[in-house]
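Colleague: predicted coordinates and the sequence they were generated for:
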Amino acid sequence: MSSPYTDLDRPPLNARLLSRALVTEAGPWTRLDLRAETGSTNADAAGAARAGEPEGLVVVAERQTAGRGRRDRAWTSPARAGITLSVLLRPGVPVAERDWPAVPPAAYGWLPLLAGVALVETVTRLAEVPAVLKWPNDLMVGDLKCAGILAEGVPNGVGAVVVGIGLNVTLREDELPTDRPATSLRLAGAALTDRDPLLRALLRGLGDWYGRWRGAGGDAEDSGLREAYLHHCGTVGRAVRVQLPSGAELVGEAATVDAGGQLVVRDAGGVQHSVAAGDVLHVR
Ligand SMILES: Nc1ncnc2c1ncn2[C@@H]1O[C@H](COP(=O)(O)OP(=O)(O)OP(=O)(O)O)[C@@H](O)[C@H]1O
Ligand SMILES: O=C(O)CCCC[C@@H]1SC[C@@H]2NC(=O)N[C@@H]21
């Protein structure tokens, strides 16, 4: 049987509308680099950071040939089927005209969570899909992964952080990775799968949350970010199994996300463990 989707379902992004939205929005965005194809938008933004690009660059690609997740796992990004973007941020640089102080590096761990909040708000509001965040950086629809976030400090980038987002919009079943359960907005029955409004709303939300967080000096409590994250977090309250970077495994109940953005897991003996990084499996 032939595919139910045609190229008409996958029009290119409207560069003019997107550029106009970026300059008229009050967000921190300074420049749009929209590419038909690239290796990885995270790599492109990191290269720009090393070359001295200021905060606010947005790199968007219609297709990635070397998209990646954490620990260099591949991110599947077929042409015009998803939103793949990276933003270049310099949270340590004060911005006098916006009244933004420098954010201490200890707070940078909130950046992938902040991007997750912007992403889940966009998807639930516009696409009307019941998505939640799996700590720290996955957007899930039920047990299926629909989007991922990769935040990376840039080596030799003078404090730059690149935050990359990959959202599956119209990917078909046969285009999804096979190593773990995944979905796209279309497969999840979204009310909207037009990438233009989704991308503009995502950048607006990302800019808004970043501005609030920066205005509060990176304080997730004062900016309301922790509360918003907890509201959308599907991990807290669940039984979890965490594969720690050391190779050890932690089993327990996800109790909360603390002020530093770490997942607090209570084990069977009632002892609380703060997890900064790890692969989380929702057990029940
Ligand atoms: N377009 C896609 N949609 C959904 N999942 C994808 C897509 N492309 C790749 N993946 C999967 O995403 C994962 C990327 O690795 P990464 O470690 O970043 O994921 P993760 O979900 O954060 O890890 P974990 O869930 O184990 O904590 C891989 O398992 C890969 O198969
Ligand atoms: O697996 C994850 O959870 C993170 C995936 C992040 C993918 C996005 S797509 C845009 C940006 N460029 C990349 O190479 N990775 C991120």
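Modeller: Cool, the structure landed. Ligands and ions are numbered 1, 2, ... in the order given.
Colleague: residue contacts, Asp219?
Modeller: Shown in contact with Asp219 (C-beta atoms under 8 Å, 6 or more residues apart in numbering): Ala107, Trp213. In this view, the C-beta of every residue, glycine as well, is placed from N, C-alpha and C.
Colleague: for it, give its distance to Leu114.
Modeller: Per C-beta to C-beta, to the nearest Å, Asp219 is found 12 Å from Leu114.
Colleague: Gly207 should be in a strand, yeah?
Modeller: No - assessed with DSSP: H, G, I helix; E, B strand; the rest coil, Gly207 is helix; it does not lie in a strand.
Colleague: that one reaches Val23, doesn't it?
Modeller: No - contact between Gly207 and Val23 fails when scored by C-beta atoms under 8 Å: they sit 11.9 Å apart.
Colleague: mind checking which of these two has more residues around it?
Modeller: Neighbours were counted for Gly207 and for Val23 using other C-beta atoms under 10 Å; Gly207 has more, 20 against 11.
Colleague: who touches stretch 200-214?
Modeller: With contact meaning C-beta under 8 Å, 6+ apart, stretch 200-214 is reached by 17-18, 21-22, 25-29, 58, 83, 85, 87, 89, 91, 95, 98, 100-101, 103, 110, 114-115, 117-119, 121-122, 125-126, 163, 165, 167, 219-220, 223-225, 228.
Colleague: could you give the mean pLDDT of that stretch?
Modeller: Mean per-residue pLDDT for stretch 200-214: 96.
Colleague: same thing with stretch 146-154?
Modeller: For stretch 146-154, mean pLDDT is 97.
Colleague: got it, and stretch 217-231?
Modeller: Taken as a whole, stretch 217-231 has a mean pLDDT of 98.
Colleague: any idea how far apart the tips of it sit?
Modeller: Length of stretch 217-231, first residue to last, C-alpha to C-alpha, to the nearest Å: 22 Å.
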